[in-house]
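Enquirer: make a model of this:
(2 chains)
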Amino acid sequence: MADVWARLEPHLASVQKPARYIGCELGAEVPAPDPARVGWLLVYPDTYEIGLPNQGLQILYEILNERPDARAERSYAPWTDLEAIMREHDIPLFSVDTHRSADEFDVIAFNLSSELVYTNVLNCLDLAGVPVRSADRGADHPLVGAGGHATYNPEPLADFLDFVVLGDGEEAVSEITEVIARWRDGGRADRQQVLRDLAGLEGVYVPSLYEATYLPDGRLEATRPIDPAAPETVEKRTIADLAEWPYPKRQLVPLTEVVHDRLNVEVFRGCTRGCRFCQAGMITRPVRERPAEQVTEMVRQGLRRTGYDEVALTSLSTADFSGIEDVVTATMDDDATCGDVSVSLPSLRVDAFTVGIAAQIQRARRTGLTFAPEAGTWRMRQVINKLITEEDLYAAVSSAFSQGWRRVKLYFLTGLPTETDEDTLGIVEMAQRCLDLAKANGLKGSVTVSVGGFVPKAFTPFQWFGMNTEAELRRKIGLLRDAVKGKRGGNVQIKWHDPRASIVEGLLSRGDRRLGPVIEQVWREGGTFQEWSEHFSLERWQAAVEAHGLDMDWYCHRHRTEDEVLPWDHLSAGLHKDFLWQEWRDALDEVGLEDCRWTPCYDCGACTGYGIEHVVASAVPPAGGSQGTGQDLGRGGEVPVTLLPRRPAGVGT
Amino acid sequence: MKVRVRYDKRGKVRFLSHRDLARVWERSLRRAGIRVAYSEGFSPRPKLSFGLALSTGYESLGEYLDVELHPATEVDVADLPAVITPHLPPGITAQRAVVLHPGTDSLQAAVTSASWQLEVVGPDQAALAAAVERALAATELPITVERKGSEVEVDARPAIMSLDVLPPEPDADDLRGHPALVGPLLGAELATQPRSLRPAELLRALDPAWREGRVMRTHQWTLVDGARCEPIPLGDPGARAATPAPHAQARAS
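Expert: Numbering: from 1, shown residues only, chains lettered A, B, ... in the order given. Predicted structure coming up:
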């Protein structure tokens, strides 16, 4: 049965939040079935509330639906109550757009933004009636692909994914569509051949065309192609100019509550602040800014079309956007929005300039501001290359309190390389100083500290680091809690992420192909929705790891050596491995690195390897503090930056 | 200026909650360029007020919304349904709008009863008819209901104003035309004051083993000088049609 709506509908009244299964959003596409078009089912393997706002998925959804030879629909992981009903009544995974069954699509493509959703990928495939293992799929089954940040180490999922896209998907999805169309036109005869053809596309990795071999001591020997169609190294895709991709043009407006429920406009991609723990900043280089006038136009048109009264300017560090002041001014002064619009900057830089921008955009409702110093001492911040001085932070916080904000939230990591108890306790000291600044401003302000356990990720300088154990992370959280209790005032509040979840994230983020059966076992035992504490079980993961003769400690807590072959060494984010290793050595030596947007190139590989460059509108570092650059910003303008020629920007229709 | 809008909620959007619906209206009004007045204070809210909440999953032919327009808004109220409907999700159709005179009762206060169609899963037509007869003949119908988190026993009978088993002739304009019906249809008018009786509670009073299938609110009623009338009637010959054949496009499911 093609359309499962009639079978689904009678059960919806008995599940939680049924509106997440009906589609009907503004911007949703309801394409008629057309066998001439390659059908993509784009799946976010978590709940609708988390998945709907995902910009990556929405961008590809639009690009594919604009193509005459493709159509794209969306699906999200059904919550456990509906899943039970679907299994009982034999209702397959469906698209929310037309409620067509998932197995009718040519491609099922997953967005993987975190490791903890891996078991949900298997569950979605199983609900779709598709064998979870690639090797078991035949000519009639859809191709199963994935993209997103977590796919920079896709090896734990190698058994399950037919193909993986590394990097920006804007161009790759079109090329993949063409390959699949040819395969389908040829009668879908040879599944192996379509996989070979996909492996020939830049940025596309086909795990089954590679073989991983291991040394007697258990370490990886190599991951080598076993098919001539597979390249030795798969390079990521990078779009050179964001101005050519003004997507989403028709952002989806949900009918029910979701996270980040607002207009989102991406102002730049990539980040060269060089924080050594940050995978996003490493793998998305170089910096590619969207022209300020295009951002302004996307905001203006987006607000009118969607009816939202809030817009977020998204990037990894929006205060670094050259056009920030122009865009904010234009948006706040737009007559059509009658001053009812609020602008949010999801990633505030820690300095007074940033607070000034925040003050301009939050004229009403100044409730809380969030900063991410990430570490409690200057020494620790040099190790991680997050070069915020104490002066920067206190100036920012003082400025926030003096301008009417009442609550400050500070994000920190614990379990970082070389971290001592002094560094950990520095977190509380910083928070306490912030609270004192509130009092100095005559306020009874509040300061909340949010602490996450650090998980090393692929393609970062910390990829060699053996992460802290659960016990050690717990001990450090305990230190922080005790330190807060002992303080006067008592207004510093501590929140922390579950260290047990960090351990599983760590297992998967640097794991290899031998973890495939572990993931499968956890899924078969019911371990879905592992990002949700009520469904998470560390014991289930530990038991599965042991059952397959593997060692959790070996994967999570072991420092790697320079000569060790890493599971993602046959993939490339453009970064030279010796650059990352040098950064790791510098981290241990507490040596910082400048932001290369405004200083000479240190050749990390991301630009030079692909013949692309930073696209920034200003040759001058941003106003304000020195955060993240370690540079004397007063000198601004002396540094060589190449500005790319740019055609006039438009938003399109 | 305050206006009252009558609208339908049919098809897939019947699964929107009351809260969802409020947000959908806010955004739709903004998209349509109709400015709404905001409350004062620290966290200003648009001045929209909905009448009696419709349970998630129920459809309706007669929902109402009161909107206080921003003083700068210039709109011909008769045109408002045609202006707003294209901005509403498929299945929600504005039918008519009228200006509310100052001092008009709120929907919560004014509405005294509502008419319903309920698909009853369990009995056949005859068994349902027998139960209806019994219920109408009874002087009281005690049921246990949940009110504010605790279970209390109430008499359902005073809130039942009429009950009848609907003939199976299809009518595309309401639930009778629905192809997926499996049970007989019950028509009911249930009081909303002084205490309201919910459709599910009515069914429990008839037979605790029966379940509700599809449910549709067809009308809400107010009393004006003792006569029953709708807050905004549709059949008024002077009324301008909001959209041609408003139900046609709402039959999404």
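
Enquirer: ok, residue 98 - contacts?
Expert: Since no chain was named, I'll use chain A. A:3, A:23, A:30-31, A:33, A:73 (CB atoms under 8 Å, 6 or more residues apart in numbering or on different chains). From N, CA and C alone the C-beta is placed, and that goes for glycine too.

Enquirer: nope, chain B please
Expert: B:3-4, B:77, B:232 are the contacts of B:V98 under CB under 8 Å, 6+ apart.

Enquirer: looking at those, which are in helices?
Expert: The members of the contacts of B:V98 all map outside helices under DSSP state H.

Enquirer: which of the residues you listed has the most neighbours?
Expert: With neighbours taken as other CB atoms under 10 Å in any protein chain shown, the top of the contacts of B:V98 is B:R4, carrying 20 neighbours.

Enquirer: quick one: contacts for that one?
Expert: B:64-67, B:97-98, B:100, B:104, B:107, B:231-232.

Enquirer: mind redoing it with 6 Å?
Expert: Residues near B:R4 by CB atoms under 6 Å, 6 or more residues apart in numbering or on different chains: B:66, B:98, B:100.

Enquirer: secondary structure element holding the most far-flung residue of chain B relative to its centre?
Expert: Distance to the chain centre peaks in chain B at B:F42, reaching 32.7 Å (criterion: CA atoms, centre = their mean). If you go by DSSP states H and E, B:F42 is not part of any helix or strand.

Enquirer: distance-wise, check it relative to A:G404.
Expert: From B:F42 across to A:G404, the span is 12 Å (CB to CB, to the nearest Å).

Enquirer: and the residue nearest to B:P44 when sequence neighbours are not counted, what pLDDT?
Expert: Spatially, and ignoring its direct neighbours in sequence, B:P44 is nearest to B:Y38 (4.1 Å; CB to CB, 6 or more residues apart in numbering or on different chains). Looking at B:Y38, its pLDDT is 91.

Enquirer: and for B:Y38, the neighbour number?
Expert: Counted with other CB under 10 Å, the neighbours of B:Y38 add up to 14.

Enquirer: who does it bridge with?
Expert: Note on B:Y38: beta-bridge partners B:P46, judged by DSSP bridges.

Enquirer: show me the contacts for the closest residue to A:A19 other than its chain neighbours.
Expert: Using CB to CB, 6+ apart and skipping the chain neighbours, the partner closest in space to A:A19 is A:T256 (3.8 Å). Neighbouring residues of A:T256 by CB under 6 Å, 6+ apart: A:19-20, B:20.

Enquirer: mind redoing it with 10 Å?
Expert: Going by CB atoms under 10 Å, 6 or more residues apart in numbering or on different chains, A:T256 touches A:17-22, A:24-25, A:48-49, A:52, B:15-17, B:19-21, B:23-24.

Enquirer: same deal with A:E472?
Expert: By CB under 10 Å, 6+ apart, the contact set of A:E472 is A:414-415, A:419, A:453, A:499, A:557.

Enquirer: tabulate these (a markdown table), appending distance to A:P461.
Expert: What follows is the contacts of A:E472, written out as a markdown table (distance: CB to CB, whole Å):
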| residue | distance to A:P461 |
| --- | --- |
| A:T414 | 18 |
| A:G415 | 16 |
| A:E419 | 15 |
| A:G453 | 18 |
| A:P499 | 23 |
| A:H557 | 18 |
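
Enquirer: in helices only, show me these.
Expert: Counting by DSSP H, these place A:P499 in helices.

Enquirer: dump the contacts of A:E472 to CSV, plus neighbour count, distance to A:V350 and pLDDT.
Expert: Output for the contacts of A:E472, formatted as CSV (neighbours: other CB atoms under 10 Å in any protein chain shown; distance: CB to CB, whole Å; pLDDT from 0 to 100):
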residue, neighbour count, distance to A:V350, pLDDT
A:T414, 28, 18, 98
A:G415, 24, 21, 98
A:E419, 23, 20, 98
A:G453, 27, 22, 97
A:P499, 23, 26, 97
A:H557, 17, 31, 98
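
Enquirer: and the two most separated of the contacts of A:E472?
Expert: Of all pairs drawn from the contacts of A:E472, the one with the longest distance (CB to CB) is A:T414 and A:H557, at 15.2 Å.

Enquirer: go ahead and flag the most central residue of chain A.
Expert: By CA atoms, centre = their mean, chain A has its centre lying nearest to A:S113, at 4.7 Å.

Enquirer: burial count for the residue nearest to that one when sequence neighbours are not counted?
Expert: Sequence neighbours aside, A:G148 is the residue nearest to A:S113 in space, at 5.0 Å (criterion: CB to CB, 6+ apart). Other residues near A:G148 number 22, with proximity taken as other CB under 10 Å.

Enquirer: which residues sit in contact with A:G148?
Expert: A:G148 touches A:44, A:54, A:56-57, A:109-114, A:117, A:154, A:164-166, A:169, counting by CB under 10 Å, 6+ apart.

Enquirer: again, only this time at 6 Å
Expert: By CB under 6 Å, 6+ apart, the contact list for A:G148 reads A:111-113.

Enquirer: now swap in A:S342 and tell me
Expert: Residues in contact with A:S342 (CB under 6 Å, 6+ apart) are A:E310.

Enquirer: next, give phi and psi for it.
Expert: phi -110, psi 150 (degrees, to the nearest 10).

Enquirer: same check, this time on the one 10 residues further on
Expert: Main-chain dihedrals, A:A352, degrees, to the nearest 10: phi -70, psi -30.

Enquirer: near it, how many other residues are there?
Expert: Using other CB under 10 Å, A:A352 has 18 neighbouring residues.

Enquirer: isn't it right up against A:L393?
Expert: No - counting by CB atoms under 6 Å, A:A352 does not reach A:L393; the two are 10.0 Å apart.

Enquirer: ok, back up a step: among the contacts of A:T256, which are in helices?
Expert: A:48-49, B:19-21, B:23-24.

Enquirer: now those residues as JSON lines including pLDDT?
Expert: Output for the ones in helices among the contacts of A:T256, formatted as JSON lines (pLDDT from 0 to 100):
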{"residue": "A:Y48", "pLDDT": "98"}
{"residue": "A:E49", "pLDDT": "97"}
{"residue": "B:R19", "pLDDT": "93"}
{"residue": "B:D20", "pLDDT": "95"}
{"residue": "B:L21", "pLDDT": "96"}
{"residue": "B:R23", "pLDDT": "94"}
{"residue": "B:V24", "pLDDT": "96"}
